[in-house]
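Asker: 3D model of this:
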Amino acid sequence: MRFPIFGFSILLISFILQTTLVPHLKIFGAQPDLILVVVAAYAFIHGSAGGSIGGFFGGLLQDMVLIRNMGFNALCKTIVGYLAGLVERTVFAESILLPVVAIFLASLLHEAIYLSFSVFLGEVVLLDLSLWRIVIPSAIYNAILTLLVYPLLCKINIYEERVPRFK
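Answerer: All right, here's what the predicted structure looks like:
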């Protein structure tokens with residue numbers, strides 16, 4: 001499985017938007033994870049290999065900005081990208097509702113993995129507070145963002161398949 005130049009471009013654009021625009025879109029302290037949405041949606045379209053590659057590079061970009069817990073985002077997004085890719089597009093061919101629910105669940109999984117690693121490494125995590133104030137609102141935010149991102153990635157995929165390639 002290849003992760004084409006379009007995939008890297010989309011990931012880079014989502015990273016730029018994640019670091020510049022998204023922090024201004026906070027609602028009650030929760031903000032969407034645009035890179036996670038792009039990785040999961042890309043995995044639905046291109047499978048587990050594309051999802052895990054996109055998850056690794058997207059998470060690595062986020063880790064370079066956050067500095068703290070270096071590698072956590074790369075690991076979490078790689079796992080989520082791989083698992084999301086196991087579902088693939090055949091399940092989502094008929095309805096936009098299924099990708100919305102799947103990305104909501106992928107967001108919950110991502111945060112569960114991230115918080116588990118944080119607790120494992122000795123950080124104090126208030127699970128009740130984190131769950132109700134950050135995790136669930138962010139997952140809802142990501143699900144809503146899916147309504148924009150998933151159809152856009154499907155259209156880009158159609159264009160990408162038409163582009164001639166040299167062998």
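Asker: wait, what's in contact with the closest residue in space to Phe104 that isn't next to it in sequence?
Answerer: Nearest residue to Phe104 in three dimensions, chain neighbours excluded: Ala143, at 4.0 Å (CB to CB, 6 or more residues apart in numbering). Placement of C-beta: from N, CA and C, glycine included. Neighbouring residues of Ala143 by CB atoms under 8 Å, 6 or more residues apart in numbering: 100-101, 103-104, 107.
Asker: out of those, which are buried?
Answerer: Buried members of those, counted by 16 or more other CB atoms under 10 Å: 100, 103-104, 107.
Asker: circling back: distance to Ile156, secondary structure and pLDDT added to the contacts of Ala143, as CSV?
Answerer: What follows is these, written out as CSV (distance: CB to CB, whole Å; DSSP: H, G, I helix; E, B strand; the rest coil; pLDDT from 0 to 100):
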residue, distance to Ile156, secondary structure, pLDDT
Val100, 19, helix, 90
Val101, 22, helix, 91
Ile103, 17, helix, 92
Phe104, 22, helix, 94
Ser107, 22, helix, 92
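Asker: Can you report how many residues neighbour Met64?
Answerer: Residues within reach of Met64, counting by other CB atoms under 10 Å, total 12.
Asker: what's near enough to touch Gly81?
Answerer: Neighbour list for Gly81: 39-40, 42-43, 48, 50-56, 58 [criterion: CB under 8 Å, 6+ apart].
Asker: how does it look with 6 Å?
Answerer: By CB atoms under 6 Å, 6 or more residues apart in numbering, Gly81 lies in contact with 39, 43, 51-52, 54-55.
Asker: quick one: which of the contacts of Ala143 is nearest Leu75?
Answerer: Among those, Ser107 lies closest to Leu75 (CB to CB), at 15.9 Å.
Asker: the bottom helix or strand of the protein by mean pLDDT?
Answerer: helix 127-130 (a mean of 70; mean pLDDT, DSSP states H and E).
Asker: Identify each buried residue in the helix or strand following that helix, please.
Answerer: Using DSSP states H and E, the helix or strand that follows helix 127-130 in sequence is helix 136-162. Judged by neighbour count (16+ other CB under 10 Å), helix 136-162 contains these buried residues: 136-139, 141-143, 145-146, 149-150, 153-154, 156-157, 160.
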